[in-house]
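Peer 1: I would like the atomic coordinates for the input below:
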Amino acid sequence: MLEISSEMDLPPGLEYAVQTAWETFAKMMEMQTREVNLHFNEPETMARLNEQYRGKAKPTDVLSFAYGGEDHLFGELAICLAVAEAQAMDHDWDVTTEVIRLLAHGFAHLMGHDHETDAEEAEMLTLEKELLAVAGFKNIYPDA
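Peer 2: Numbering: from 1, shown residues only. Below is the predicted model of the structure:
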């Protein structure tokens, strides 16, 4: 289950697309009973969170906070919509596609994956591609 909150108005249809993709990801990974909170934040909030948790005083696209364990609440994700919009323009696709890509990336982090080494990054990217493919996004990455 995904609970969404936002500091700003979201583009029409984004919340529905995110919920639909999340349900697909959760079903694929058999995580339907676990709850995740998703926060859409302004750049200032993301910069503050990024500095507090990663020591980097600038906005970032997505942050993941995994709680692990068997509790109902599995974790939290924070997405900076302004950064997602800029990245979408760089990739020449719409913001919904970029947010779904970030959602898959955050989901992989919540599942315990990371990208500190090349091997970890490759494993994480494989999961992201699988998640995106089942949600109907098969051409996100150039080699996909």
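Peer 1: I'd like to know how far Lys138 sits from Gln32.
Peer 2: 23 Å (Cβ to Cβ, to the nearest Å). C-betas here are computed from N, CA, C, even on glycine.
Peer 1: For this protein, just list every one of the strands.
Peer 2: For the chain, strands defined by DSSP state E occupy the ranges 2-6, 35-41, 62-66, 73-80.
Peer 1: how long is stretch 8-22 from one end to the other?
Peer 2: End-to-end distance for stretch 8-22, by Cα to Cα, to the nearest Å: 20 Å.
Peer 1: Which positions in that stretch come out as buried?
Peer 2: Buried residues in stretch 8-22, counted by 16 or more other Cβ atoms under 10 Å: Leu10, Leu14, Glu15, Ala17, Val18, Ala21, Trp22.
Peer 1: which one among those gets closest to Glu3?
Peer 2: Taking Cβ to Cβ as the measure, Glu3 lies nearest Trp22 of those, at 10.2 Å.
Peer 1: Please name the residues that touch that closest one.
Peer 2: The neighbours of Trp22, taking Cβ atoms under 8 Å, 6 or more residues apart in numbering as the test, are Leu2, Val36, Leu38, Leu103, Phe107.
Peer 1: Show me what the third one is bridged to.
Peer 2: Beta-bridge pairing of Leu38, defined through DSSP bridges, involves Ile4, Leu77.
Peer 1: wait, what's in contact with it?
Peer 2: Applying Cβ under 8 Å, 6+ apart, the residues contacting Leu38 are Leu2, Glu3, Ile4, Ser5, Val18, Trp22, Glu76, Leu77, Ala78, Ile79, Leu103.
Peer 1: same question, the second one
Peer 2: Val36 makes contacts with Met1, Leu2, Glu3, Trp22, Leu73, Phe74, Gly75, Glu76, Leu77, Leu110, as judged by Cβ under 8 Å, 6+ apart.
Peer 1: What distance do you get for the spatially most central residue of the chain to Glu3?
Peer 2: The centroid of the chain falls nearest to Leu103 when counting by Cα atoms, centre = their mean (2.3 Å). Here Leu103 is placed at a distance of 14 Å from Glu3 (Cβ to Cβ).
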